[in-house]
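A.B. asks: what follows is a predicted structure for the sequence shown.
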Amino acid sequence: FRRLHSHTGPDTQRPSFGISFDIDGVLIRGGKAIGGSPQALRRLYGDDGTLKIPYIFLTNGGGVPESKRASELSELLGVQISPLQVVQGHSPFRDLVSRFGNDLIVAVGKGEPAKVMLEYGFKNVLSIDEYASFFKGIDPLSRYKNWAFKQNNEIMKNMNELDFSYNVNSDAVKGTFIVSDPVDWGRDIQVLCDILSCGGLPGKEKGHQPALYFASDDLLYQAEFPAERLGMGAFRIALENIFNSVNGIPLQYTSYGKPNPSVFKNAESVLMQVASTLNGNPDHAGGRTEKENKFRTIYMIGDNPAVDIKGATKAGYPWFSILIRTGVFKGKDNHPEYPADMVVENVEEAVEYILKKEA
Ligand code: G3P
Ligand code: MG
């Protein structure tokens, strides 16, 4: 691969390009590797297994801490992945810690949403499962859900071990975070409407809406099933419409994730950090000007035109978008509304294209 400043010593060399991989519909579908993803990633490492080309995962998904995701991905894809290389939809929630101090917050979604938030440094976090368990009858349909009994017993057991000194009937929830795809939409919409309509105190009088954050806003994403599945953006539409109809005032919220330009800006600096560890020397970026540290090209490999490609296009230089056909996009030609810089079949072809171009 091409090097920046090949006249300088080996310590200051680094590839002039980096790669961002979307996960769902690009590397994985329904828990299985797709499109030759293990082989594609292996090409980014040397024979001795050390990373040669800086790359990151840039996903709108999530639900587990970055460290856990890194080991899950390492296992599935057969390469050594560091937590630094994993940027999830909820990763920017980390920057909101100081805003909430000791406030009570509620985390929603599949996986371990409360654990994610605790690892980011939030002090008082309950998952929506835990929070709902405090309110008898908050979900009138729970007795029809045969999983709910077992789940509730587990929660009660965990709650006893939890160092939790809040009274949910008088201590208001100050923030609600949709960390990953919600599991029980009906219950979650009900409980979120309760929290958000009543100043963070379900069952009490109407009050000021607590803060609401979504990790991403994907309407659809590609999982195991042949047709796309409803994503967090679909859940947001449902919650927003219901909240607005019930309260007659618009729901206030902030959505993160691709295609927001800030995600691509952050990805660029994370890639820079990954690049700086390439020669086994985390400090070797020292003494270089910002211009010298810049990538000439960053490739975004994605399956969702409205998310991955739109985002990379909006981010502009040095981003170069590659659209593949193993996920949301299945078209023959380029996408008409959000055309990519390049369209190929799968991730293996995408990496082949990049390595050829950069050779
Ligand atoms: O739930 C995950 C989905 O919304 C998107 O994941 O990896 O395609 O950005 P990804
Ligand atoms: Mg995807």
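C.D. replies: Done, it's in. Residues are numbered from 1 along each chain as shown. Ligands and ions are numbered 1, 2, ... in the order given.
A.B. asks: C-alpha only now, for contacts and for neighbours.
C.D. replies: Noted.
A.B. asks: I figured D129 hits N153, correct?
C.D. replies: No: in this structure, D129 is not within contact of N153 by Cα atoms under 8 Å, at 11.2 Å.
A.B. asks: which residues of the stretch 151-300 of the chain fall in strands?
C.D. replies: Remark: strands assigned in the stretch 151-300 of the chain by DSSP state E, counting those that start in this stretch are 173-178, 211-214, 220-221, 229-230, 254-255, 297-302.
A.B. asks: let me have those strands in TSV, extended by mean neighbour count.
C.D. replies: Listed next are the strands of the stretch 151-300 of the chain as TSV, based on neighbours: other Cα atoms under 10 Å:
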stretch	mean neighbour count
strand 173-178	24
strand 211-214	20
strand 220-221	20
strand 229-230	16
strand 254-255	15
strand 297-302	26
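A.B. asks: quick one: closest of the ones you listed to G78.
C.D. replies: For G78, the closest of the strands of the stretch 151-300 of the chain is strand 297-302, at 19.3 Å, according to Cα to Cα.
A.B. asks: so which elements touch that closest one?
C.D. replies: Using 3 or more Cα pairs under 8 Å, 6 or more residues apart in numbering; DSSP states H and E, the elements in contact with strand 297-302 are strand 17-21, strand 319-324.
A.B. asks: is that strand anywhere near ligand 1?
C.D. replies: No: applying Cα under 6 Å from any ligand atom, one finds strand 297-302 out of contact with ligand 1, separated by at least 7.3 Å.
A.B. asks: chain center to that strand, what's the gap?
C.D. replies: The chain centroid and the centroid of strand 297-302 are separated by 17 Å, computed with Cα atoms, centre = their mean, to the nearest Å.
A.B. asks: repeat that for stretch 263-270.
C.D. replies: Distance of stretch 263-270 from the chain centroid (Cα atoms, centre = their mean) equals 13 Å.
A.B. asks: if we can go back for a sec, how about CSV for the strands of the stretch 151-300 of the chain, with distance to T277 and mean pLDDT added?
C.D. replies: Shown next, in CSV, are the strands of the stretch 151-300 of the chain (distance: least, Cα to Cα, whole Å; pLDDT from 0 to 100):
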stretch, distance to T277, mean pLDDT
strand 173-178, 32, 98
strand 211-214, 32, 98
strand 220-221, 33, 96
strand 229-230, 37, 98
strand 254-255, 31, 98
strand 297-302, 17, 98
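A.B. asks: with respect to A33, which of these lies nearest?
C.D. replies: For the strands of the stretch 151-300 of the chain, the distance to A33 is smallest for strand 297-302, at 14.9 Å, taking Cα to Cα.
A.B. asks: what about the closest one and ligand 2, touching?
C.D. replies: No: shown here: strand 297-302 not in contact with ligand 2 (Cα under 5 Å from the ion), separated by at least 5.9 Å.
A.B. asks: partners of that strand in the sheet?
C.D. replies: Pairing partners of strand 297-302, with direction, according to DSSP bridges: strand 17-21 (parallel), strand 319-324 (parallel).
A.B. asks: sorry, back to before: which of D129 and N153 has more neighbours?
C.D. replies: Neighbour count, other Cα atoms under 10 Å: between D129 and N153, D129 has more, with 21 against 12.
A.B. asks: tell me which of the helices and strands packed on strand 297-302 is the most buried.
C.D. replies: Comparing the helices and strands packed on strand 297-302 by mean neighbour count (mean count of other Cα atoms under 10 Å), strand 319-324 comes out on top with a mean of 26.
A.B. asks: how about that strand, does it reach ligand 2?
C.D. replies: No: using Cα under 5 Å from the ion, we find that strand 319-324 stays clear of ligand 2, coming within 9.8 Å at best.
A.B. asks: buried residues, the helix or strand following that strand. List them.
C.D. replies: Once strand 319-324 ends, the next helix or strand along the chain (criterion: DSSP states H and E) is strand 342-344. By neighbour count, with 16 or more other Cα atoms under 10 Å as the criterion, the buried positions of strand 342-344 are 343-344.
A.B. asks: repeat for stretch 261-275
C.D. replies: 261, 263-264, 267-268, 270-275.
A.B. asks: out of these, which sit inside helices?
C.D. replies: Counted as lying in helices by DSSP state H, out of the buried residues of stretch 261-275, are 261, 263-264, 267-268, 270-275.
A.B. asks: out of those residues, who's nearest E348?
C.D. replies: For those, the minimum distance to E348 (Cα to Cα) is 20.4 Å, reached by L271.
A.B. asks: which residues does the residue of the stretch 101-250 of the chain at minimum distance from ligand 2 bridge with?
C.D. replies: As assessed by Cα to the ion, ligand 2 sits closest to Y221 within the stretch 101-250 of the chain, at 6.1 Å. Beta-bridge partners recorded for Y221 (DSSP bridges): R229.
A.B. asks: got the contact list for it?
C.D. replies: By Cα atoms under 8 Å, 6 or more residues apart in numbering, the contact set of Y221 is 24-25, 228-231, 304, 327-328.
A.B. asks: if we go to 7 Å?
C.D. replies: Going by Cα atoms under 7 Å, 6 or more residues apart in numbering, Y221 touches 228-231, 328.
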